[in-house]
Each structure stands twice: as structure tokens, then as C-alpha cells.
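Participant: Can you look at this prediction? I've put the sequence above it.
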Amino acid sequence: MNTDRSTEERVRAKLNEWKAKLEQLNVQLHLGADEAKDEFENQKHNLHDWLNSAEQKLDRSKKLTKETIADLRGKMDELRVQANLGVAEGKDALKEQQDNLNKGIRSLRSRFKDAYSDVSDEIDDMSEEAREKLDDFHTRFDLFRLQMHLGKEEAKEEWERRKKELSQKLKDIDSKVDSAAKQGSEKLDNFSGEISDAWNHFLKAFK
């Protein structure tokens, strides 16, 4: 019984995370060009803060080798350098920042996955949490890329089309989350998988 309750609490906590993430992305989706640039800088700061927090957890790990920790710290430092860059002046500089941030996020995510592949379930939870957070940052920076590339006057019509498409996908996922929240514990895990599939479909819209 306690195991069932624990599973249900875990899945419901995940659903609440989805709701918050979807709301934040929907807000970002409807930002104007200048607001999007400001939020881009804000997310760089958030990434920097998360890296500091994740590094502290990493330093407390007793199940990773010193070499692995040093490697992960190196990847974090590389990404932190990108997150600490000042405001980009000009479209080319902005694009370079976006590209380098996404490249650093992908590299760190992959390294987290490799580093924790052979350790305990408890420590693997930390890896999953890190990968999910890095996925979140990657999605946000991809959306910024679209906003700033298609938000130009000459691409306004294309941006409105893509924005409508992305907005509908977010609504569809949100609807699935609401449906899952109403279900009993025996169905929550199934809905969680369905929502993950819908989320992956949403991410394909950026490619």
C-alpha cells in the first residue's frame, strides 16, 4: 500500500512539473522580440545557477570516481563560460551564443548519462534529474532561436504559423496532463508515458 502511494505521489509530482513547464513555455512562446531577448538573458542566469547547484550535489557524490567527477566538472565549467557571456550585440553574435549553449547542454547531458550508467538507482535519479533539467534548458534555447530568427518582419507570417502550431501542441499536452491528474494510481504510469511521447512529438517541431 505504501509502495502504491509512493508511486502515485511520484507520478503526480511529475505531472505538476509538466504543468509548470508547459505554462512557462507558453508564456515564452508569446513574448515579443525584445521581451524574448530579455528572457534569453534571464535563462542564461538560471542555467548558471543550476550549474552551481548541480556541481555541489556532484561534489557530495561518493559513488563516482574522482576522474569522472573531474570530467563532469570540466563540462560544467565549459557550459558556465557560455552562460556567463554578456549580452550579444548583433544577430550573428546572438546566434553564436545560442549554438554554443545548445552544444554545451547536449555535451553535458550525454556525459551525465554515461557517468551514471553503472551506478545505483539512487544516484541514477540524480542523473535523470540533471538530464531532464538540461532538456528543459535546451528546449527553451531552441525556442529562443526560432523566435529571434522568425520574429523578424520579413518572416512574421512564418513565425505566426509556427507559433500557432507550437501553441496547439502545448495545449494538447496540457490536456493530457489534466486527464492524467484525474485518473487513479493504476493508470498514472500509462498516462505519464503517453505524455512523454507527446512531448517528444512537440520537440520534433524545432527540427
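Facilitator: Cool, got the structure. The model shown is predicted, which means the values in this text are computed figures rather than measured ones. Numbers count the residues shown, from 1 in each chain.
Participant: low pLDDT regions in the protein?
Facilitator: Where the chain drops to pLDDT under 70, the residues are 1-5, 7, 118-125, 151-154, 184-192, 206-207.
Participant: what about the helices in it?
Facilitator: 2-29, 33-59, 66-83, 91-115, 121-150, 156-181, 185-203 (DSSP state H).
Participant: Now find how far off-centre the second one is within its chain.
Facilitator: Spelled out, it's helix 33-59. The chain centroid and the centroid of helix 33-59 are separated by 11 Å under C-alpha atoms, centre = their mean, to the nearest Å.
Participant: For that helix, name the packing helices and strands.
Facilitator: Here helix 33-59 touches helix 66-83, helix 91-115, helix 121-150, going by 3 or more C-beta pairs under 8 Å, 6 or more residues apart in numbering; DSSP states H and E. In this view, the C-beta of every residue, glycine as well, is placed from N, C-alpha and C.
Participant: Go through these and name the closest to residue 6.
Facilitator: helix 121-150 (13.4 Å; C-beta to C-beta).
Participant: which strands and helices sit next to the closest one?
Facilitator: So helix 121-150, by 3+ C-beta pairs under 8 Å, 6+ apart, packs with helix 2-29, helix 33-59, helix 91-115, helix 156-181.
Participant: Tell me which of these sits nearest to residue 74.
Facilitator: That would be helix 91-115 among the helices and strands packed on helix 121-150, by C-beta to C-beta, at 9.1 Å.
Participant: Name the residues that touch that closest one?
Facilitator: 37, 40, 44, 47, 64, 68, 71-72, 75-76, 78-79, 82-83, 85, 88, 127, 130-131, 134-135, 137-138, 141-142, 144-145, 148-149 (C-beta atoms under 8 Å, 6 or more residues apart in numbering).
Participant: Need phi/psi at residue 65.
Facilitator: phi -70, psi 160 (degrees, to the nearest 10).
Participant: Contact partners for residue 26?
Facilitator: For residue 26, the contacting residues are 167, 170, by C-beta under 8 Å, 6+ apart.
Participant: Could you measure from it over to residue 160?
Facilitator: From residue 26 across to residue 160, the span is 16 Å (C-beta to C-beta, to the nearest Å).
Participant: Next: residue 101.
Facilitator: 26 Å.
Participant: For those two, indicate the residue with more neighbours.
Facilitator: residue 101 (25 against 11; other C-beta atoms under 10 Å).
Participant: Quick one: residues contacting the most centrally placed residue in the chain.
Facilitator: Nearest residue to the geometric centre of the chain (C-alpha atoms, centre = their mean): residue 136, 0.6 Å. Residues near residue 136 by C-beta under 8 Å, 6+ apart: residue 21.
Participant: ok, now with 10 Å
Facilitator: By C-beta atoms under 10 Å, 6 or more residues apart in numbering, the residues touching residue 136 are 17, 21, 24-25, 43, 46-47, 50, 105.
Participant: swap in residue 163?
Facilitator: Contact partners of residue 163, counting by C-beta under 10 Å, 6+ apart, are 29-30, 143, 146-147, 150-151.
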